[in-house]
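Colleague: sequence first, then the predicted structure, then my questions.
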Amino acid sequence: MRLTHQLLRRRFFSRSVHEVAPELIGAMLLFNGAGGMIVEVEAYHHTDPAAHSFGGRTARNAVMFGPAGYAYVYRSYGIHWCLNFVCEGEGSASAVLIRAIEPREGIAAMRRRRGVRDERLLCSGPGRLCQALGIAGVHNGLALDAPPFALHARSDEPAVVTGPRIGITKAADIPWRYGLKGSPFVSKPFR
DNA sequence: ATGAAGATGAAT
DNA sequence: TTCATCTTCATC
């Protein structure tokens, strides 16, 4: 893989979550050398009733209230782990949920951790991609610009599509899911 | 102490 | 469509 493109630093994430989310489409996410291109994300602004931080600071969402550029990892449905990138200024408590990546690096390790061969089933979904990359609760609060994380800016501007979010009951109609147009690696098709 | 809901995924 | 699985948070 060519690493000619820029590493995403804290400044990249220190902006509105609605600017950062679409710009993450096409970026490269690596964790301990395994990962791929981000093809689907969801924006969670603190004013959004569906955001974990909406009801105020708790033990679980504390990282969301910290500075931008850190990983917020939480347990979903008692079984899965989900990865977010904290954005905006400290105290804003807004983040982007990483929902799917197109596998590029460390595919053998991903298959081993996931127990499936089909590349479309490796990282297409927030729980799946965490399992494939080996991301878990112990990684909550880690900086995104230092190992084991490595995030690289996209070199071209891809075609981005939007739609309502997945698995949301409150504010389900808010179209803050962003995806790479035509990608077969999104967790659910855009329409 | 208890209970209901939950930013999911896999099987049926 | 059902269900596994369990943390989190509000309520009693």
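Modeller: Noted; the coordinates are in hand.
Colleague: start and end of stretch A:103-117, how far apart?
Modeller: Taking CA to CA, to the nearest Å, stretch A:103-117 runs 12 Å from one end to the other.
Colleague: got it, and stretch A:158-174?
Modeller: Where stretch A:158-174 begins and where it ends lie 22 Å apart, using CA to CA.
Colleague: what's in contact with that stretch?
Modeller: Here stretch A:158-174 makes contact (CB atoms under 8 Å, 6 or more residues apart in numbering) with A:22, A:25-26, A:42, A:48-50, A:99, A:175-182, A:187-188, A:190-191. C-betas here are computed from N, CA, C, even on glycine.
Colleague: is the residue most central in space within chain A in a helix, a strand, or coil?
Modeller: Residue closest to the average C-alpha location in chain A (CA atoms, centre = their mean): residue A:98, at 1.8 Å. Under DSSP: H, G, I helix; E, B strand; the rest coil, residue A:98 falls in the strand class.
Colleague: quick check: beta-bridge partners of it?
Modeller: For residue A:98, the beta-bridge partners are residue A:41 (DSSP bridges).
Colleague: would you agree it is in contact with residue A:126?
Modeller: Yes: taking contacts as CB atoms under 8 Å, residue A:98 lies within contact range of residue A:126: 6.6 Å.
Colleague: quickly list what's touching both of those two.
Modeller: residue A:83.
Colleague: residue A:91: neighbouring residues, count only.
Modeller: Close neighbours of residue A:91, defined as other CB atoms under 10 Å, add up to 11.
Colleague: same check on residue A:54?
Modeller: Other residues near residue A:54 number 16, with proximity taken as other CB under 10 Å.
Colleague: give me the distance between it and residue A:60.
Modeller: 13 Å (CB to CB, to the nearest Å).
Colleague: same question for residue A:173.
Modeller: Residue A:173 is 26 Å from residue A:60, by CB to CB.
Colleague: of the two, who's got more company?
Modeller: residue A:60 (13 against 7).
Colleague: can you tell me how far that one sits from residue A:78?
Modeller: 13 Å.
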